[in-house]
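Task: produce atomic coordinates for the following.
(2 chains)
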Amino acid sequence: MSKGHLSNDDFFQKLSQLFESSTHGSIYLSQKRMVYGENVNTGTPESTPGQPFPDLSPSQPLPLIVRASNGKSKEKRDKKVKLSTIVEADALEGFFAKYADVCKTSMSGLKKRDRSKQKEKLKAKKRKQGGGAAAGTVEVKKS
Amino acid sequence: MPYLATAQEWLTQSTLLLQARPSTTRITTKYTHASTIAKKSKSKPRRNAPPTESTALLTLKTYDPASGATLKYETDKAAEVGRLMMILGRLGRGMAGLEVREEGAEGEVKEEVKEEGREDGKVLGGAGDGKAAQQGGKAAGGAAGGGGKGKKKKGKK
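Now for the predicted structure:
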């Protein structure tokens, strides 16, 4: 962690590489409000009786820290990859749009939508009800 | 706390947890490769996928170490990734202390909202949105001739 944070763009690049290089095990991504840090002003004052939870309404938006890791530890510690980046509040939207793209392309092992089965189902339903457009239509629309 | 049944429910609960503890709550997304899941092929009742074919898994976890609250959601569907990432973005706004803006996000969540629309209304901050989302959900439901699946889920809670 003390190695410093990556810029958002570098983070995405490294994250793609991390996904490509790993073939088993898990990849962990996490996001959290950035509160601790030497060069970041947290903007959260001490709690007072008048305002017991100052972090509920910070005076200014706080950055997020987004981390990624391949979860290697103990005897595989030397293979551990840890990435982190700080996302400023005003950059959130763009960050997550890119983040989603990277994840969508990288998480390729998930189950694809099985269209052939749905078509069969739809046909069966049509035969039964005569023109019913149920689940199949919704699924297709979503894509 | 256990796994939640739908992404929408996970979003609702996570939003509440983040509202209560914005500084300590973290969200972890775990992507597990198919080969790893195949290795520990115990029968998992929470997964409705047949145990024979193994796919990768995506697990979302909202955890607040201060209170110990944990919320989890798990999926193996590639089609959900986009929507889940969008949810992460939305929750990220809450984390950053920004107001959680809802418009523009509804298009994709529509289908889930149709199933869980009523619960959405319970959220403190999201009350207004719940209403709008429900309308959207209704429109989608009408076009689809009303999925039976949605009705079943509504009755559950």
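
Now do the strands in chain B.
Counting by DSSP state E, chain B has strands at residues B:26-32, B:57-64, B:69-75.

List the buried residues of the strand or helix carrying A:A124.
Using DSSP states H and E, A:A124 sits within helix A:115-129. Of the residues in helix A:115-129, A:122, A:125 count as buried by neighbour count, 16 or more other CB atoms under 10 Å in any protein chain shown. Just so you know, the C-beta spots here come from the backbone N, C-alpha and C atoms, and that holds for glycine as well.

Give the burial count for residue 76, as a bare number.
Just going to use chain A. 11 (other CB atoms under 10 Å in any protein chain shown).

The intended chain is chain B.
For B:D76, the count of nearby residues is 21 (other CB under 10 Å).

Wait, it touches B:L58, no?
Yes - using CB atoms under 8 Å, B:D76 is in contact with B:L58, at 7.1 Å.

Between those two, which contacts overlap?
Counting by CB atoms under 8 Å, 6 or more residues apart in numbering or on different chains, the common neighbours of B:D76 and B:L58 are A:L110.

least trustworthy helix or strand in chain A by mean pLDDT?
Ranked by mean pLDDT, DSSP states H and E, the weakest helix or strand in chain A is helix A:135-142, scoring a mean of 52.

and B:D64, how many residues sit next to it?
B:D64: 19 neighbours (other CB under 10 Å).

Tell me the pLDDT of it.
Looking at B:D64, its pLDDT is 95.

likewise A:K123?
83.

With the one 3 residues further on instead?
At A:K126, the pLDDT value in this model is 82.

again with B:A38
B:A38 carries a pLDDT value of 78.

measure it to A:F12 for me?
29 Å (CB to CB, to the nearest Å).

More neighbours: which of the two?
Higher neighbour count among B:A38 and A:F12: A:F12, with 19 against 13, using other CB under 10 Å.

Give me the angle between the one helix or strand that one maps to and strand B:26-32.
If you go by DSSP H and E, A:F12 is part of helix A:8-21. Put simply, helix A:8-21 runs at 30 degrees to strand B:26-32, going by axes from the mean of the first three to the mean of the last three CA atoms, to 10 degrees.

how far out from the middle of the chain is helix A:8-21?
Distance, stretch centre to chain centre, for helix A:8-21: 13 Å (CA atoms, centre = their mean, to the nearest Å).

do stretch A:77-96 as well
With CA atoms, centre = their mean as the basis, stretch A:77-96 stands 10 Å off its chain's centre.

Could you tell me the end-to-end distance of it?
29 Å (CA to CA, to the nearest Å).

Give me the average confidence score over it.
Stretch A:77-96 carries an average pLDDT of 93.

mind giving me the domain split of chain A?
A:8-106, A:112-143 (automatic domain parsing).

Determine the set of other helices and strands touching the lengthiest strand in chain A.
Longest strand of chain A, by residue count under DSSP E: strand A:26-33. Judged by 3 or more CB pairs under 8 Å, 6 or more residues apart in numbering or on different chains; DSSP states H and E, the packing partners of strand A:26-33 are strand A:64-69, strand B:26-32, helix B:81-96.

Spit out the contact partners of residue 7.
Because you didn't say which chain, this covers chain A. By CB under 8 Å, 6+ apart, A:S7 lies in contact with A:T85.

look at chain B instead
Contacts for B:A7 (CB under 8 Å, 6+ apart) come out as B:60, B:73, B:75, B:80, B:83-84, B:87, B:112.

what about chain B, any weak spots by pLDDT?
Within chain B, the segments meeting pLDDT under 70 span B:1, B:40-53, B:101-157.

And the helices in it?
B:7-20, B:34-39, B:81-96, B:106-120, B:127-143, B:148-156 (DSSP state H).

residue ranges with poor pLDDT in chain A?
Looking along chain A with the criterion set at pLDDT under 70, you get A:1-3, A:36-48, A:130-143.

quick one on the thing from earlier: could you dump the helices and strands packed on strand A:26-33 into JSON lines and include mean neighbour count and distance to B:P65?
Output for those, formatted as JSON lines (neighbours: other CB atoms under 10 Å in any protein chain shown; distance: least, CB to CB, whole Å):
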{"stretch": "strand A:64-69", "mean neighbour count": "22", "distance to B:P65": "15"}
{"stretch": "strand B:26-32", "mean neighbour count": "20", "distance to B:P65": "8"}
{"stretch": "helix B:81-96", "mean neighbour count": "22", "distance to B:P65": "15"}
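
Reformat these as a markdown table; add distance to A:Q51.
Shown next, in a markdown table, are the helices and strands packed on strand A:26-33 (distance: least, CB to CB, whole Å):
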| stretch | distance to A:Q51 |
| --- | --- |
| strand A:64-69 | 23 |
| strand B:26-32 | 24 |
| helix B:81-96 | 19 |
